[in-house]
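Novice: The following block contains a protein sequence and its predicted model.
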Amino acid sequence: MSIIQVPAIQAIDLRRVYNTRSSNHRGAAAAITRKKSITALDGVSLTIERGELFGLLGRNGAGKTTLIKILTTLLAPTGGKAFVNGMDVTRNVLPIRQRIAMVSGGEQSGYGILTVREQLWMFAQFYGVPSREAHRRIDELLEAFDLSDQASQKVYALSTGMRQRINLCRALVSGPEILFLDEPTVGLDVEAARSVREYVRSWMRQNPNRTVLLTTHYMFEADELCDRVAVINRGQIVAQGAPNELKRTLEEHVRFQLELGEASGKSSGDSSRGEEGHEAAWMPAFVERLRATDGVVDVHTETRQGRTELQLSLSREDVIAPAMATLNEAGGRVLTLRRIEPTLEEAFVRLVGKAASDEYDKEAHA
Amino acid sequence: MTTTQVSPMFQQKPVEGLRLGLKTMLGRAYPRLMSVIREPDWILYEIILPLLRVIAFVLVYKALKAPTQYAGFVILGGALMAFWLNVLWMMAAQLHWERLSGNLELYLMAPASMLWILAGMAFGGMLITLLRAAVIVVVGSLIFGVTYSTVFLPGLALVFVLTLVALYGLGSMLASLYLLYNRQVWAIQEMIQEPVALITGLYFPIRALGGYAGAAASIIPLTLGMDAMRQLLFPRGWPSFLPVVWEIVILLALVVVFLVGAAKSFAYIERRAKIEGRLTLKWQ
């Protein structure tokens, strides 16, 4: 007898439309109220297996939070189906709630008047965790998050980073199987964000059936943490797969970056490395020969701070060998060579367009 | 043969459901109880200021040479006013504040019914307000030398419990309805706070309002609860509105109406909010 495990999360052609009213003011007195429909999710289908750390990437308003709210039973879909642990989010609300937890970025939940330990105990009670077990878990979580010294501290006195770590403890104290993390590191300093990421990873390792759905604006975070990611844009999944797959499928050419010098004894009159803004004399001919080489798509040189950098775009990886031979013949010497790997951010930008990049930059530098 | 392995379906037995509900209730009551210890300024706002109001009314009655028990009527009214304020500000408006802080989302995601959260708010509020009301009664009675009849204590206890359960049931119902009227919460609170103090007869016999107005005012559990308690504590001298037995029966009906009403209205609001997508929006 074979056993098929149901996915941790499954969305089938999920749709969500918000009906809102918008007012257009004409003149001082007159106002026209119009009904407006906004499609937040437009036929989203995805499957997240148990034990997966799955990232959902998208711009503001792309539909990430709407999807999480539907999966956490806080919002009804207007079409399609969604299942958590094989249970329908519209029908099996309480059983689903027993097995999930959610943490949002910048969350201010709980009561400032309580101590950290009391706050975590309170939330454990909402899930029926026996008090003794709750205190054991609280001790364990506080230690894991390096917060044991804050156990008796009032919540209002905690820093933003500490609060977010407490929020994560709050979510984990009930022992969920599926964790929804909605931009959990937003607004955290580097150290606090790293500690959150490290714990999420170690929490996943402790039990292979645990599942995380993470939404984030930080591409490196998704790249570092996630087994698979999906890119959502205007309510539609535009791509999904492992971060490396996503990066590679979008990579049209193989790119290399070389730092060049001159072979010893080749030339005495010219500067081998080139002065600021001036390349070595042999370089133009070399570049011309490279461009004529079969498989070389693009060549770009730049001389700065006394160094000549060469960027090569090749149709195939093995074209690097004839390119190097051409360089040798021209009398050049390679000081450093590295392959330029595409980043998830590049893949994301390619997928959702330039606007996403601008928005992401704005947020990253805010 | 292939089978599908689903997590064991959550077949919650009634006992488990009750246990989870009670734990949820105690969990939510906890911060309320802690506030008594950790925020001692409540002594000023919840005891001294209401006492000053009680004293003002007692002095008016004294100036009118009313019998001593009138001071008792006013003190009892002042004590019960504390419950009304608690129901308004810490029950009815509470879910609105909880939404702003992000707690509402977490409460809704918890596996117990939201009514247990409301019950926890009510239980915690009731306990701390009981303490406040007791201090007002004891201090006021000592200052003005008021004595009470202890002949009908079981009846008094029954009326008191029914009044509180009905009152907090009303608070739970208002709490869910307030989620519909987000930005108007303050206005609604102000609008109903003082008129209720008037129409429920906190400082005068409800009979003075006449039959129709008294009957209309009886929709607020404080009205009949207070009238019945005054009859039981001051068997001679209180101009009653209805016989105590009738008032108990009506209070019992109000308990049922408000508790069922709270459950129904919250289920309706949650359903509607999930469809409209507004329930967990913090700012709207």
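Specialist: That came in fine, so what should we check first?
Novice: Ignoring the adjacent residues along the chain, who's closest to A:L41?
Specialist: Distances taken as CB to CB, 6 or more residues apart in numbering or on different chains place A:R16 nearest to A:L41, at 4.1 Å, with adjacent residues excluded. Quick note: C-beta positions are derived from backbone N, CA and C, even for glycine.
Novice: contacting residues around whichever strand or helix holds that neighbour?
Specialist: Secondary structure assigned from DSSP states H and E places A:R16 in strand A:9-26. With contacts defined as CB atoms under 8 Å, 6 or more residues apart in numbering or on different chains, strand A:9-26 is touched by A:31-48, A:54, A:63, A:66-67, A:70-71, A:75, A:77-84, A:178, A:211, A:213, A:235, B:276-277.
Novice: mind listing what residue 225 touches?
Specialist: The chain I'm using is chain A. Counting by CB under 8 Å, 6+ apart, A:L225 has contacts A:53, A:55, A:197, A:200-201, A:214.
Novice: wrong one, chain B
Specialist: Taking CB under 8 Å, 6+ apart, one finds B:80, B:159-160, B:162-163, B:166-167, B:247, B:251 in contact with B:G225.
Novice: Against chain A, how distant is it?
Specialist: 30 Å (CB to the nearest CB, to the nearest Å).
Novice: Let me know whether my guess that that residue is in a helix holds.
Specialist: Yes - the assignment for B:G225 is a helix, going by DSSP: H, G, I helix; E, B strand; the rest coil.
Novice: Helix, strand, or coil at A:M102?
Specialist: Going by three-state DSSP: A:M102 is strand.
Novice: Only whichever of the contacts of strand A:9-26 are buried, select them in PyMOL.
Specialist: Buried members of the contacts of strand A:9-26, defined by 16 or more other CB atoms under 10 Å in any protein chain shown, are picked up in PyMOL with:
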select buried, (chain A and resi 39+40+41+42+44+46+47+48+54+63+66+67+70+71+75+77+78+80+82+83+84+178+211+213+235) or (chain B and resi 277)
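Novice: so what pLDDT did the residue nearest to A:L41 get?
Specialist: Here, the pLDDT recorded for A:R16 equals 94.
Novice: Pull the contacting residues for residue 155.
Specialist: Picked chain A for this. A:110-116, A:119, A:163, A:166.
Novice: To clarify, I was referring to chain B.
Specialist: Per CB under 8 Å, 6+ apart, neighbours of B:G155: B:232, B:244, B:248.
Novice: So which of those is surrounded by the most neighbours?
Specialist: Counting by other CB atoms under 10 Å in any protein chain shown, B:L232 has the largest number of neighbours within the contacts of B:G155, with 23 neighbours.
Novice: Only alpha carbons, please: show the helix or strand containing it as CSV.
Specialist: Applying DSSP H and E as the criterion places B:L232 in helix B:221-233. Presented in CSV, the C-alpha positions along helix B:221-233 are these (Å, rounded to 0.1, in the frame of the first residue of the first chain):
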residue,chain,number,x,y,z
PRO,B,221,-30.0,45.2,32.1
LEU,B,222,-28.9,47.8,34.6
THR,B,223,-32.4,49.3,34.8
LEU,B,224,-34.2,46.3,36.2
GLY,B,225,-31.1,44.8,37.9
MET,B,226,-30.6,48.0,39.9
ASP,B,227,-34.3,48.3,40.7
ALA,B,228,-34.5,44.8,42.0
MET,B,229,-31.3,45.1,44.1
ARG,B,230,-32.5,48.3,45.6
GLN,B,231,-35.8,46.6,46.6
LEU,B,232,-33.8,43.7,48.2
LEU,B,233,-31.3,45.9,50.0
